[in-house]
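Colleague: model the following, please.
(one chain, ligands or ions: 1)
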Amino acid sequence: GIVSRVSLPADEEPEILSLRPERLSEYVGQAEAVETLEIAIAAARKRNEPLDHVIFHGPPGLGKTTLAHIIANEMGGTLTVTSGPALEKGGDLIGILTHLAEGDVLFVDEIHRTPKTVEEFLYPAMEDFAVDFVFDKGVHARSHRFRLKRFTLVGATTRVGLLSAPLRDRFGIFRSLDFYNEADLIKITLRSAALLEVEIDQAGAAELAKRSRGTPRIVNRLLRRVRDYTQVRADGVITRDTVAAALALEGIDEKGLTRLDRSYLKTIINFYNGGPVGIEAIAATLQEETDTLVDVVEPYLLKIGLLIRTSSGRKAAEAAFRHLAIVPAEKGQK
Ligand code: ADP
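Modeller: So this is what the prediction gives:
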C-alpha cells in the first residue's frame, strides 16, 4: 500500500513496517474485530461507498495501526498517518483533510489527545465531509464551507474514557482489541521469523510467545534481540534455551514481565503493604509518568491477575507476591 506519513509514532522503528500484515486474511487473531471489518469492507465496496469511520481501542502494540493500513489496502485508498498530539492547530488538520482523495484513510493515533479546538474541525469533516473556514472577525465574520472527498477516519485510543461524547458518537464502528492468546502469538512469531529469515523451533516460538505480554509489537521486538543473541552466542537456530538466555539479558522474566512491571508491583507491595493505593502515589514513588503506568504497565498485570483494581486503589494480588517470591507481611487488623 501507499502510505503518506505525516508523523511517525515515537516508538515505531521503520524497519518493523515490513513485518506488518498487509491484508485482513494475513492478520492473526482478534477474530471479532476482523469479522466486523470483513463485513463492513465488503458491504462498502459493494455499494461503492467509503467505509464508515472506525475507532480501535486497546493497549499499545496490539495492531491498531496495522488495521488502519489493512483497511486502506482493502479499500484501495492511500493511508495518511498522524496523531492527536501532532495536530496542534486547526490548520494542521485542515491541511491533511483537504489533500485526501475519495476513499482515502486518515489514521489518527492517540485520538483522545487531539486538542479540543482541532477536534471541532473533525465533527463536520466526519459527518458531512466538509470543513468550515471562518474569515474575518466580529460583525464581518463570514464562513465558507469547503467540501472534502469522502474519506474514512480510523482513530486509535488507549483510553476510551477520555474520548469526548461528540467524537465517539461519530464513529460507526467501535472495536476493542484484547491481548493475544499464546496460540496467536506463536503464529505471529513464526510469521515474523520467516520474514526475518531466522530459524526458530516450535519450543523457542512458544517460549517467546509466552514472554511477550500478549502483544505482537513485543513479539517482534524480542524476536530481533533473540535473533542477535542466537547468531552471536549460539548456532543460529532459536530454541527455548536461547530465548531464555537472551531475554534474561533484557530483564524479562518467565511471565514476560519487564523491570518496570516488577518495580511497579514491588512498590505496591513494599511501600504500600500490598495496597490498596492510588495510582498517583505509585507514580510518584516510582518517578514514572502516570500515563505510562495506566496505558502500558497496568493493562497486562490486570489481565494476568497480578493486579486488582478496587474503588480505593490498586492492590497486588496474592499471585504477585508468589511471582516475586515475597512473603506477605502482616496485613494489619481487619
Ligand atoms: P498499535 O497501533 O496498536 O500500537 P501496531 O499496529 O503498530 O500496534 O502493531 C505493532 C506491530 O505488531 C506491527 O508492526 C505489526 O507488525 C505487529 N502486529 C500487530 N498485530 C498483528 C497481527 N494481528 N498479526 C501479525 N502482526 C501483528
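Colleague: could you pull up the residues touching residue 100?
Modeller: 80, 106, 148-149, 151 (C-beta atoms under 8 Å, 6 or more residues apart in numbering). To be clear about C-beta, it is placed using only N, CA and C from the backbone, and glycine gets the same treatment.
Colleague: who wins for neighbours among those?
Modeller: Each of these was scored for neighbours by other C-beta atoms under 10 Å, and residue 106 scores highest at 27 neighbours.
Colleague: narrow the contacts of residue 100 to those in strands?
Modeller: 80, 106 (DSSP state E).
Colleague: can you redo the contacts of residue 100 as CSV with pLDDT?
Modeller: Compiled in CSV, these are given as follows (pLDDT from 0 to 100):
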residue, pLDDT
80, 97
106, 98
148, 97
149, 98
151, 98
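Colleague: avg pLDDT for the helix or strand where residue 145 lies?
Modeller: Following DSSP states H and E, one finds residue 145 within strand 142-147. Mean per-residue pLDDT for strand 142-147: 88.
Colleague: show me what that strand is packed up against.
Modeller: Strand 142-147 makes packing contacts with strand 130-135 when contacts are defined by 3 or more C-beta pairs under 8 Å, 6 or more residues apart in numbering; DSSP states H and E.
Colleague: which strands and helices sit next to the strand it packs on?
Modeller: helix 90-97, helix 116-128, strand 142-147.
Colleague: just send those back as a markdown table, with mean neighbour count too.
Modeller: Compiled in a markdown table, the helices and strands packed on strand 130-135 are given as follows (neighbours: other C-beta atoms under 10 Å):
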| stretch | mean neighbour count |
| --- | --- |
| helix 90-97 | 18 |
| helix 116-128 | 17 |
| strand 142-147 | 10 |
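Colleague: can you give me the end-to-end span of stretch 187-206?
Modeller: Taking C-alpha to C-alpha, to the nearest Å, stretch 187-206 runs 9 Å from one end to the other.
Colleague: what does stretch 84-101 give?
Modeller: 21 Å.
Colleague: and that stretch, is it in reach of the ligand?
Modeller: No. Against the ligand, stretch 84-101 shows no contacts by C-beta under 6 Å from any ligand atom, the least distance being 13.2 Å.
Colleague: avg pLDDT for that stretch?
Modeller: The average pLDDT within stretch 84-101 is 96.
Colleague: over to stretch 63-77?
Modeller: Stretch 63-77 comes out at a mean pLDDT of 97.
Colleague: so how far is that stretch from its chain's centroid?
Modeller: From the chain centre to the centre of stretch 63-77 is a distance of 14 Å (C-alpha atoms, centre = their mean, to the nearest Å).
Colleague: ditto for stretch 34-45
Modeller: When distances are taken as C-alpha atoms, centre = their mean, stretch 34-45 is centred 21 Å away from the chain's centroid.
Colleague: that stretch close to the ligand?
Modeller: No. Remark: stretch 34-45 sits outside contact range of the ligand, by C-beta under 6 Å from any ligand atom, the gap being at least 8.5 Å.
Colleague: buried sites along that stretch?
Modeller: Neighbour-count burial for stretch 34-45 flags 34, 37, 40-41, 44 (criterion: 16 or more other C-beta atoms under 10 Å).
Colleague: now intersect these with the helices, please.
Modeller: Per DSSP state H, helices hold the following members of the buried residues of stretch 34-45: 34, 37, 40-41, 44.
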